[in-house]
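Trainee: what's the 3D shape of this:
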Amino acid sequence: MKTRFRVCGALRLLSGLVTGLVCGVLPGLGQVILAPPPAISITPPAVEQAQTNNPMVVFTPEEAPETPFRWEWFTFRPHALYRFLYATALPVTVTDRVRTTVQEIAPGLLVNVGQHWSVDYTPTLRFYSSRAFEDTLDHSVRLMAGTTYQDWTLGLLQTYDKTSQPLVETGTQTDQETFYTRLSASYQINSQMSADGAVSQRIVSADVFQSSKEWSPSTWLNYQFWPRFDAGLGLAGGYVDVETGSDMSYERFQVRANWRATDKLALRAHAGAEWRQFLDSDADDELNPVAGAQVQYQPFEHTRLSLGVNRTVDVSLLTAGAGESQVIEMTEVTAQLSQRLLEHFQLELGGGYFRGEYTAADPTVPDRKDDFFRFNARLGWRFLRRGTVALFYQYTDLRSNFAAYGFSGHQTGFELEFRY
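Mentor: Predicted coordinates:
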């Protein structure tokens with residue numbers, strides 16, 4: 001009995017560790033405009049097994065192909081990606097849009113150390129045909145660990161990202177360096193109650209734009225009402241040190257629930273409120289709702305459908321007025337369909353609506369409001385077990401009350417990928 005609840009604790013820990021990893025981007029600032037490449041999972045084998053065995057999970061990870069590269073405790077999984085895309089209306093500046101081709105070359109190496117540690121390094125060379133953009137070399141490093149000891153489940157996530165891409169938020173190619181650290185722990189109090197805790201640090205250095213440092217502790221108390229339903233109460237706080245403008249602090253209170261309705265359907269939801277203070281400004285404190293929900297549905301073995309909604313509050317890369325700091329309140333509604341076709345083909349369709357509201361510490365500065373729509377389609381064909389060739393398409397449309405930020409464009413291309 002207790003093993004089952006420990007597995008549930010491992011899943012909650014995993015959820016906290018991998019937040020934001022789905023699209024290959026960790027908790028950071030700014031939403032990228034270029035079509036996202038295939039995501040690389042860095043979950044250690046032991047933690048991945050805990051997720052697979054959890055009764056609350058509908059989607060289980062795909063089994064990785066056997067790798068010939070092993071030495072002692074180390075398993076080496078090299079991967080490589082080449083992408084070519086043609087983009088229309090890609091923002092160079094807030095007022096300038098251009099057509100360009102983009103080529104990306106991304107060789108990488110994932111190393112599993114035993115069953116509990118994983119580390120991945122992936123550099124990405126990006127070449128633009130338009131001279132309006134700078135060719136770049138991005139870097140991505142991810143370290144993840146997870147283990148259990150008696151009634152404890154422990155986790156670590158450490159990442160480093162150096163990127164230069166056009167962003168929705170800034171309307172231009174933006175250089176960023178982001179360090180993110182998260183330590184997590186879950187303790188099984190008894191057969192029905194558990195407690196989770198985490199501390200995180202995020203350091204963002206943005207060339208020209210707002211740089212910041214953020215520290216945040218959080219804690220949850222969970223109760224298992226029956227094997228396929230649990231709920232919890234959570235508290236979190238944080239402090240944000242910004243380079244320009246007013247520093248901030250915040251407190252959050254949330255409730256959450258997880259329900260495995262059937263073998264093919266699962267639901268997760270959380271809701272609460274955040275109270276945010278501008279410490280070096282006369283601006284009023286802000287009270288904002290924070291909430292989210294996700295539905296996973298797998299009607300057939302090779303058909304997966306997910307729906308999600310999420311509302312968050314974060315510090316913005318932009319400043320306003322005389323250098324005043326800003327926050328962005330982001331509401332997202334997304335849908336994703338994955339379907340295998342004729343054994344070797346994989347069709348993925350996805351889309352979403354994103355609402356961004358920028359609020360400055362200076363109340364005299366007008367708020368910016370963005371409505372951003374995105375649709376993605378990808379058809380991949382797997383060959384030789386480890387290779388995939390795919391065609392993809394993305395449509396984006398941004399409408400803003402600050403008209404200069406608005407744009408509408410298409411991206412089409414292909415990619416060739418190998419994974420071990």
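Trainee: which stretches of the stretch 1-150 of the chain form helices?
Mentor: 2-17, 45-53 (DSSP state H, counting those that start in this stretch).
Trainee: tell me, which of these is the model least confident about?
Mentor: Ranked by mean pLDDT, the helices of the stretch 1-150 of the chain bottom out at helix 2-17, with a mean of 48.
Trainee: from the chain's centroid, how far away is stretch 398-408?
Mentor: How far stretch 398-408 lies from its chain's middle: 24 Å, per C-alpha atoms, centre = their mean, to the nearest Å.
Trainee: end-to-end on it?
Mentor: One end of stretch 398-408 sits 6 Å from the other (C-alpha to C-alpha, to the nearest Å).
Trainee: packing partners of the helix or strand hosting Ile328?
Mentor: Assessed by DSSP states H and E, Ile328 sits inside strand 324-341. Applying 3 or more C-beta pairs under 8 Å, 6 or more residues apart in numbering; DSSP states H and E, one finds that strand 324-341 contacts strand 303-320, strand 345-360. For every residue, glycine as well, the C-beta is placed using N, CA and C.
Trainee: buried set for that strand?
Mentor: Buried positions in strand 324-341, judged by neighbour count with 16 or more other C-beta atoms under 10 Å: 324-332, 334, 336-338.
Trainee: adding pLDDT and distance to Leu317, write those residues out as JSON lines.
Mentor: Formatted as JSON lines, the buried residues of strand 324-341 follow (pLDDT from 0 to 100; distance: C-beta to C-beta, whole Å):
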{"residue": "Glu324", "pLDDT": "78", "distance to Leu317": "14"}
{"residue": "Ser325", "pLDDT": "84", "distance to Leu317": "10"}
{"residue": "Gln326", "pLDDT": "89", "distance to Leu317": "9"}
{"residue": "Val327", "pLDDT": "92", "distance to Leu317": "11"}
{"residue": "Ile328", "pLDDT": "94", "distance to Leu317": "9"}
{"residue": "Glu329", "pLDDT": "94", "distance to Leu317": "15"}
{"residue": "Met330", "pLDDT": "95", "distance to Leu317": "13"}
{"residue": "Thr331", "pLDDT": "95", "distance to Leu317": "18"}
{"residue": "Glu332", "pLDDT": "96", "distance to Leu317": "18"}
{"residue": "Thr334", "pLDDT": "97", "distance to Leu317": "22"}
{"residue": "Gln336", "pLDDT": "97", "distance to Leu317": "27"}
{"residue": "Leu337", "pLDDT": "97", "distance to Leu317": "32"}
{"residue": "Ser338", "pLDDT": "96", "distance to Leu317": "32"}
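Trainee: got the buried residues for stretch 136-153?
Mentor: Within stretch 136-153, the residues scored as buried using 16+ other C-beta under 10 Å are 136, 138, 140, 142-148, 153.
Trainee: and those residues, which is closest to Gly350?
Mentor: The shortest approach to Gly350 among these belongs to Ser140, at 21.5 Å (C-beta to C-beta).
Trainee: grab the nearest non-local neighbour of Pro289.
Mentor: Using C-beta to C-beta, 6 or more residues apart in numbering and skipping the chain neighbours, the partner closest in space to Pro289 is Ala273 (5.8 Å).
Trainee: can you confirm the one you found is in a strand?
Mentor: Yes - Ala273 sits within a strand when classified using DSSP: H, G, I helix; E, B strand; the rest coil.
Trainee: so what pLDDT did it get?
Mentor: Confidence score, pLDDT, at Ala273: 97.
Trainee: which strand runs longest in this protein?
Mentor: Across the chain, the longest stretch assigned as strand under DSSP state E is strand 74-93.
Trainee: and the average pLDDT for it is what?
Mentor: 95.
Trainee: what lines up beside that strand in the sheet?
Mentor: Counting by DSSP bridges, the strands paired with strand 74-93 are strand 70-71 (antiparallel), strand 96-113 (antiparallel), strand 407-419 (antiparallel).
Trainee: flag every buried residue along the second one.
Mentor: This means strand 96-113. 97-98, 100, 102, 104, 106, 108, 110-112.
Trainee: can I get those residues in CSV including pLDDT and distance to Arg126?
Mentor: Listed next are the buried residues of strand 96-113 as CSV, based on pLDDT from 0 to 100; distance: C-beta to C-beta, whole Å:
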residue, pLDDT, distance to Arg126
Arg97, 94, 18
Val98, 96, 15
Thr100, 98, 11
Val102, 98, 6
Glu104, 98, 5
Ala106, 98, 9
Gly108, 97, 14
Leu110, 96, 21
Val111, 96, 24
Asn112, 94, 28
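Trainee: nearest to Thr170 among these?
Mentor: Nearest to Thr170 among the buried residues of strand 96-113: Arg97, at 14.1 Å, using C-beta to C-beta.
Trainee: tally of neighbours for the closest residue to the closest one other than its chain neighbours?
Mentor: Excluding its sequence neighbours, the residue lying closest to Arg97 (C-beta to C-beta, 6+ apart) is Ala89, at 4.3 Å. When neighbours are counted by other C-beta atoms under 10 Å, Ala89 registers 17.
Trainee: check contacts around Glu415.
Mentor: Residues in contact with Glu415 (C-beta atoms under 8 Å, 6 or more residues apart in numbering) are 37-38, 81-84, 388-390, 392.
Trainee: one more time with 7 Å
Mentor: Counting by C-beta atoms under 7 Å, 6 or more residues apart in numbering, Glu415 makes contact with 37, 81-83, 390, 392.
Trainee: what does Phe373 give?
Mentor: Taking C-beta under 7 Å, 6+ apart, we find Phe373 in contact with 353, 397.
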